[in-house]
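Colleague: pasted the sequence and its predicted model underneath.
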Amino acid sequence: MPRSIFSYIHPAGSFGLPEFKDSRCALCGNLDMDCSCTECEHPVAVDGGEQRCGVRGCLEHLLDRELLARIEILDARLENLRQEAARRETPTLPCPECGEVQTVTIYNNGPYLCHGYFYAGDRHGWIRKGRY
């Protein structure tokens, strides 16, 4: 489906937005309209004759070594993203009552509570619950 600068261009008579959740390429993960995969050249039998598969991002005819290479690339990307998430973790200031330091992660960005205090970030620190 072609896109304009500001929105998607829909064919005449179509209303509403297209359903995107099932329109992703199984191999590259991009939306079908942005898929960078080539068409599968694997021969298949169709009506007694032989044709090429022609599916973009075909997993069925992907060679084992290509599948393994794709898995290793994605594992490396995922590990790099997890390392970046761990790098972005920051400790809170110590709780004014017990001195406990909590870790602010991207998975759990708050609220942080301890002994009736709410952590409002480095700028404001711990604030007594009900005084903010």
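Modeller: Received, thanks. It should be emphasised that the depicted structure is a prediction, and the values quoted were computed from it without experimental measurement.

Colleague: next, find the distance separating residue 34 from residue 75.
Modeller: 23 Å (CB to CB, to the nearest Å). C-beta here means a position set from N, CA and C on the backbone, and glycine is covered the same way.

Colleague: let me redo that: residue 117
Modeller: Residue 117 is 41 Å from residue 75, by CB to CB.

Colleague: can you check residue 93 too?
Modeller: Here residue 93 is placed at a distance of 36 Å from residue 75 (CB to CB).

Colleague: swap in residue 64?
Modeller: Between residue 64 and residue 75 the computed distance is 16 Å (CB to CB).

Colleague: more neighbours: these two, which one.
Modeller: Neighbours per residue (other CB atoms under 10 Å) separate residue 64 from residue 75, with residue 75 holding more: 10 against 7.

Colleague: quick one, phi psi at the more buried one?
Modeller: phi -60, psi -40 (degrees, to the nearest 10).

Colleague: ditto for residue 44
Modeller: phi -130, psi 150.

Colleague: now do the helix or strand hosting residue 68: distance to the chain's middle.
Modeller: Per DSSP states H and E: residue 68 is located in helix 64-87. Centroid displacement of helix 64-87 relative to its chain, using CA atoms, centre = their mean, to the nearest Å, is 13 Å.

Colleague: what's the next secondary structure element after it?
Modeller: strand 90-91.

Colleague: so which elements touch that next one?
Modeller: Using 3 or more CB pairs under 8 Å, 6 or more residues apart in numbering; DSSP states H and E as the contact test, the elements touching strand 90-91 are strand 103-104.

Colleague: could you check how far the residue nearest to residue 51 when sequence neighbours are not counted is from residue 50?
Modeller: Excluding its sequence neighbours, the residue lying closest to residue 51 (CB to CB, 6 or more residues apart in numbering) is residue 44, at 6.1 Å. Noted for residue 44: a distance of 7 Å to residue 50, by CB to CB.
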